[in-house]
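Asker: Got a sequence here, can you model it:
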Amino acid sequence: MKIRARDWAKWFLGSLPGDEQRVHPGQVDEGWMESVGVAAKSAAGVNVTPHSSLQNTAVFACVRLLAESVGSLPLILYKRLADGGKARATERPLYGLLHDLPNPEMTSIQLRETLQGHLGLWGNAYCEIEYAQGGYVRGLWPLRPDKVQVRRVKGELVYVVSMPQGPDQALAFENVMHIPGFGYDGVVGYSPITLARQAIGLAMATEEYGSRFFGNGARPGGVLKHPLKLSEEAYSRLSKSWDRRHQGLENSQRVAILEEGMDYAAIGIPPEDAQFLETRKFQVNEIARLYRIPPHMIGDLDRATFSNIEHQGIEFVVHTLQPWLVRWEQAIYRDLLSQAERKTYFAEHLVTALLRGDTKSRYEAYAVGRQNGWLSANDVRELENMNPVDGGDVYLVPLNMVPAGDVGSSPPNPPEGGDSTDARNHPSPQPSPLQGRGSQVLTPGQSVEARARDFGRSRLRLAKSYEKVMRDPIGRVVRREVNDVRRAARKYLGKRDAVQFGQWLEDFYRDHREFWVDQVMPILLNFADQVGANVGDELDLAAMDGDEIQEFIEQYAEKMAARESQSSLLQLKALLDEAIVAGEDPLDLVDTRLEEWSEKRPGKLSREESRSGVNAISIAFYGLAAVTTGYTIKMMWVANGDSCPYCSSLDGKIVGIEEVFVEKGQEFQPDGAERPLSRRVNISHGPLHTGCDCGVVAVVE
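Answerer: Numbering: from 1, shown residues only. Reported below is the predicted structural model:
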């Protein structure tokens, strides 16, 4: 890398010869300013440059808002999947550069905030691309836009960079990531400061006027009249005495004592007559208009109301941020991906969170779309930035709605041998199993136990489908956990401070539980709806829902979060103890475990929690049905597929819905088992062990 190694720090952090004179508002070389494409003196008499314009609060607020908004949005590198979905390309080096550390001295938000600030002031942002020996991008280093000139040499774009010392350096097109703003030729963007020099200059002039107004005693000026001619010495003494006593804000409104027939006459226009305050307010809106920023977002709330401020926030994302984000994403596509990589990979900002309402409102809107048939499960998942699932492209329609031309016609008879879905679409009057103890709706030749096992298998299929759904939120939880623990480990264990690291872990996992709950609650609530429908079919009940289920899901999510957080905490503390006993570096052990979590834990936990969840939620619905109907409902253990000896020994066992199948600490060794199995907790439903697909079904007495 030619430029960064020698001059990057000097460029951004050091003082360059002549820079102080160039930045100072009163000593700008106008010819030099025009030569680099930025403005100098405005008609208001104020020098306007990208640097000096930041002294105006409105300009600074607009530029900072854009820079922080773009910099804080997650920037993700994705790979396209064969089924039309997408997945995070975490294995690619470019993913870490865009999302975390673009170079050893800057984080992702620092780099993107800096470059977006350059776009807001100069209209262009440049990065030198550092390549590794393997040809992949290893680092991104920002270039000062006022030091870069874009030229075309033999038909190719070349970026000529002015160096602090020595001759200019020319960088080839493939060595620079260039993000241009709106421009005249599609290559180089206009500087917003240049285009709005007069508006910004007027805003800066009114600020300076106000400062001088208050600095001169809260009056614009005046004249002291003396009836006689004063000597030079008397004039100087009178002037100094007057300034000392009456100039400055602290001396405003002091009474003046005039001698020897002197008189005071005020001159100038009072601020209210010159519409000073109105001018300042108008210029704030002018600058907000320049950057297309809703005024309330830079502190001007004159026209903001509770009814329109939310829509203005959405307009900010759609009309202000979106064009900048597209420029970023397409510059990354063009400059940082090879021709072969472009077929598979692309970068995208996660901006949907800024456009969505709260979780409750969003899910209610999705429910309306699903129930009325214009949204499928995969449509909703796409809106939530999730991958599609098998069977998720089915559109549902309400059963009580038919085409207008079919009103009055009889529904078609269900086909012979139709499945349970057809039977529900065109039901025939049948008694509920809870209206006749033990009676259940059976197909010809089917036993009660066989029907129950069918529902056990159907819930297993439901659990397998939700395993994919749960992988997304659990993956977010694990990524956050791994990243935070890794940073803390390097901070404390790098200094051999295991005690402080242990205390940090206690504090972190206490708060981490809340993050767990926030991530999994929406999925569990939707999961409960699906399980409730399945249990309703199993018991032949029209509806299965209630406030008790909502409360149960909340408690279940909290227990899940506490269980997994405690497991992580105990594992990491055990590693610290192991390192101390063995005399090993605990940081290496922790890093190894975190890598293992990143690779395997999301899949492992999503499988376990989907299997456990479908059974636990089913039992909650069984309890609700028992309370609602007054009849006794028990549970039967169902072993699905080729089960191990332990699960096979429980197959067909029946217990009450408040009883357990295996008690805590109980050892049992059925025929075919090599050793006894002992559980540390009561087993009231499957899974019995890792990899177990067993479930529970209802038995009505």
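Asker: Break the protein into its domains for me.
Answerer: As given by automatic domain parsing, the domain ranges for the chain are 20-146+175-210+275-355, 222-267, 358-404, 434-630.
Asker: so can I have a markdown table of the ones you listed showing mean pLDDT and distance to residue 655?
Answerer: No exception for glycine: its C-beta is placed from N, CA and C like everyone else's. Output for the domains of the chain, formatted as a markdown table (pLDDT from 0 to 100; distance: least, CB to CB, whole Å):
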| stretch | mean pLDDT | distance to residue 655 |
| --- | --- | --- |
| domain 20-146+175-210+275-355 | 80 | 42 |
| domain 222-267 | 66 | 83 |
| domain 358-404 | 73 | 33 |
| domain 434-630 | 80 | 11 |
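Asker: Can I get the ones you listed in TSV including distance to residue 661 and mean neighbour count?
Answerer: Compiled in TSV, these are given as follows (distance: least, CB to CB, whole Å; neighbours: other CB atoms under 10 Å):
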stretch	distance to residue 661	mean neighbour count
domain 20-146+175-210+275-355	38	17
domain 222-267	81	11
domain 358-404	31	14
domain 434-630	11	17
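Asker: Would you mind giving those as JSON lines with distance to residue 648 added?
Answerer: Converted to JSON lines, the domains of the chain look like this (distance: least, CB to CB, whole Å):
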{"stretch": "domain 20-146+175-210+275-355", "distance to residue 648": "36"}
{"stretch": "domain 222-267", "distance to residue 648": "89"}
{"stretch": "domain 358-404", "distance to residue 648": "29"}
{"stretch": "domain 434-630", "distance to residue 648": "14"}
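Asker: closest to residue 649 out of those?
Answerer: Ranking the domains of the chain by proximity to residue 649 (CB to CB) places domain 434-630 first, at 16.8 Å.
Asker: distance between the closest one and the chain's centre?
Answerer: 23 Å (CA atoms, centre = their mean, to the nearest Å).
Asker: Surely residue 682 and residue 665 touch.
Answerer: No - using CB atoms under 8 Å, residue 682 is not in contact with residue 665; the gap is 9.3 Å.
Asker: sorry, back to before: who wins for proximity to residue 651 among the domains of the chain?
Answerer: With CB to CB as the measure, domain 434-630 is the member of the domains of the chain nearest residue 651 (9.6 Å).
Asker: ok, back up a step: higher neighbour count, residue 682 and residue 665?
Answerer: residue 682 (13 against 10; other CB atoms under 10 Å).
Asker: check contacts around residue 584.
Answerer: Residues near residue 584 by CB atoms under 8 Å, 6 or more residues apart in numbering: residue 578.
Asker: For it, give me phi and psi.
Answerer: phi -100, psi 170 (degrees, to the nearest 10).
Asker: Please put the alpha-carbon coordinates of stretch 333-342 into PDB.
Answerer: Output of stretch 333-342 as PDB, limited to C-alpha atoms (Å, rounded to 0.1, in the frame of the first residue of the first chain):
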ATOM      1  CA  TYR A 333     -20.500  -4.000  -5.500                       C
ATOM      2  CA  ARG A 334     -18.400  -2.300  -8.200                       C
ATOM      3  CA  ASP A 335     -15.100  -1.600  -6.300                       C
ATOM      4  CA  LEU A 336     -14.800  -4.300  -3.700                       C
ATOM      5  CA  LEU A 337     -16.200  -7.400  -5.400                       C
ATOM      6  CA  SER A 338     -14.500  -9.200  -8.300                       C
ATOM      7  CA  GLN A 339     -16.500 -10.000 -11.400                       C
ATOM      8  CA  ALA A 340     -16.900 -13.600 -10.200                       C
ATOM      9  CA  GLU A 341     -18.000 -12.600  -6.700                       C
ATOM     10  CA  ARG A 342     -20.700 -10.300  -8.000                       C
END
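Asker: Span of stretch 158-167 from start to end?
Answerer: Length of stretch 158-167, first residue to last, CA to CA, to the nearest Å: 16 Å.
Asker: Might one say that residue 697 is in contact with residue 634?
Answerer: No - look at residue 697 against residue 634 with CB under 8 Å: they stay out of range, at 9.9 Å.
Asker: Of those two, give the one with the bigger neighbour count.
Answerer: Per other CB under 10 Å, whichever of residue 697 and residue 634 has more neighbours is residue 697, with 25 against 18.
Asker: State the three-state secondary structure for the more buried one.
Answerer: Following DSSP: H, G, I helix; E, B strand; the rest coil, we place residue 697 in the strand state.
Asker: let's number from 855 now, not from 1
Answerer: All set: I'll call the first residue 855, so the last point we hit is now residue 1551.
Asker: tell me which element residue 1332 falls in.
Answerer: helix 1302-1346 (DSSP states H and E).
Asker: Remind me what that helix packs against, helices and strands.
Answerer: In terms of contacts (3 or more CB pairs under 8 Å, 6 or more residues apart in numbering; DSSP states H and E), helix 1302-1346 is packed against helix 1352-1393, helix 1440-1483, strand 1487-1492, strand 1549-1554.
Asker: Please name whichever of those is nearest to residue 929.
Answerer: That would be, of the helices and strands packed on helix 1302-1346 and by CB to CB, helix 1440-1483, which comes in at 19.6 Å.
Asker: quick one: the closest one to strand 1549-1554, angle?
Answerer: 10 degrees (axes from the mean of the first three to the mean of the last three CA atoms, to 10 degrees).
Asker: tilt between helix 1440-1483 and helix 1302-1346?
Answerer: With the same axes, to 10 degrees as the basis, helix 1440-1483 and helix 1302-1346 are set at 150 degrees to each other.
Asker: elements contacting helix 1440-1483?
Answerer: If contacts are counted by 3+ CB pairs under 8 Å, 6+ apart, helix 1440-1483 sits against helix 1302-1346, helix 1352-1393, helix 1401-1436, strand 1487-1492, strand 1549-1554.
Asker: if you set the cut-off to 6 Å instead, what comes out?
Answerer: With contacts defined as 3 or more CB pairs under 6 Å, 6 or more residues apart in numbering; DSSP states H and E, helix 1440-1483 has these neighbours: helix 1302-1346, helix 1352-1393, helix 1401-1436, strand 1549-1554.
Asker: Let me know which of those is the nearest to residue 1184.
Answerer: Nearest of the helices and strands packed on helix 1440-1483 to residue 1184, taken as CB to CB: helix 1302-1346 at 26.7 Å.
Asker: nearest residue to residue 1198 other than its sequence neighbours?
Answerer: In space, and not counting its chain neighbours, residue 1198 is closest to residue 933: 5.3 Å by CB to CB, 6 or more residues apart in numbering.
Asker: And the one you found, how close does it get to residue 1186?
Answerer: Distance, residue 933 to residue 1186, by CB to CB, to the nearest Å: 14 Å.
Asker: just to revisit the earlier point, now the helix or strand harbouring the residue nearest to residue 1198, how far from the centre of its chain.
Answerer: Using DSSP H and E, residue 933 maps to strand 929-934. Its chain's average C-alpha position is 14 Å from that of strand 929-934, according to CA atoms, centre = their mean.
Asker: Which strands border that strand, and is each parallel or antiparallel?
Answerer: Paired strands of strand 929-934, with direction, are strand 940-942 (antiparallel), strand 1199-1203 (antiparallel) (DSSP bridges).
Asker: how near is residue 1097 to residue 1090?
Answerer: Going from residue 1097 to residue 1090 by CB to CB gives 11 Å.
Asker: How about residue 1333?
Answerer: Going from residue 1333 to residue 1090 by CB to CB gives 73 Å.
Asker: now residue 1309
Answerer: Applying CB to CB, the value for residue 1309 to residue 1090 is 104 Å.
Asker: Could you do residue 1204 as well?
Answerer: Applying CB to CB, the value for residue 1204 to residue 1090 is 68 Å.
Asker: what's the answer for residue 947, then?
Answerer: Note on residue 947: its distance to residue 1090, by CB to CB, is 72 Å.
Asker: In which helix or strand does the residue nearest to residue 924 when sequence neighbours are not counted reside?
Answerer: Take residue 924 and drop its neighbours on the chain: the residue closest to it by CB to CB, 6+ apart is residue 970, 4.4 Å away. Per DSSP H and E, residue 970 falls inside helix 962-975.
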